[in-house]
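A.B. asks: give me a 3D structure for the following:
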Amino acid sequence: SLAHTHLGNVFVEESKPDSALLHYEKALEINPANKTALTNRASVYFQQGRYTAAIHNYKKIISIYSKEPDAYAGIGLCYYSQDKYDSALLYYNKYQALDSSNADMYVNIGLAKHRLGKYNDALKDYNKAIVISPSLADAFTKRGVLKFEMHDTTGACMDWHEASKLGVSDVSSIIQTYCK
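C.D. replies: Take a look at the predicted model:
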């Protein structure tokens, strides 16, 4: 099982997802509870845009490893990628119940709430992400966009400048356009 899992990982690195899936299947025939093979197979399905298959895989992981936060995150990402933000939030919150210290998850939750028009709630989640990880440039970038949409240009520009300091180069054109 481990050898096939390893070969699947090699094929992922070589951008050969179909070959990777074949080896993950073989690994799972040998050991149906191989968490790495299940997780990586779900990830390949996600990358291919095969969200139903990815969700099925993540649910299989949860049925075996009920306290596996990454499986809940994976399902949330699948739903988010399909613009099903309420469903994404449901699974992001399940992740958060298992691990409330992941700043990236707060960014994901903030994004989903932002898309649902829940601006104040989204702002709180971006703020939590920044408290947990003050160097998380993505949180500053996304919070800046949210503040701009909330008509707080000064706050947006402060966030975009911080994101720029943290290495986000694509905010420079935004700063030049909106921050005088």
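A.B. asks: for Ser87, list the residues it contacts.
C.D. replies: The contact partners of Ser87, taken as CB atoms under 8 Å, 6 or more residues apart in numbering, are 76, 79. Just so you know, the C-beta spots here come from the backbone N, C-alpha and C atoms, and that holds for glycine as well.
A.B. asks: now it, what's its secondary structure?
C.D. replies: Assigned by DSSP: H, G, I helix; E, B strand; the rest coil, the conformation of Ser87 is helix.
A.B. asks: what's the spacing between it and Ile75?
C.D. replies: 8 Å (CB to CB, to the nearest Å).
A.B. asks: can you check Glu13 too?
C.D. replies: The value you get for Glu13 to Ile75, if CB to CB is used, is 25 Å.
A.B. asks: the more surrounded of those two?
C.D. replies: Using other CB atoms under 10 Å as the criterion, Glu13 and Ile75 rank with Ile75 on top: 28 against 9.
A.B. asks: once you drop chain neighbours, what's closest to Asp99?
C.D. replies: Pro69 (4.6 Å; CB to CB, 6 or more residues apart in numbering).
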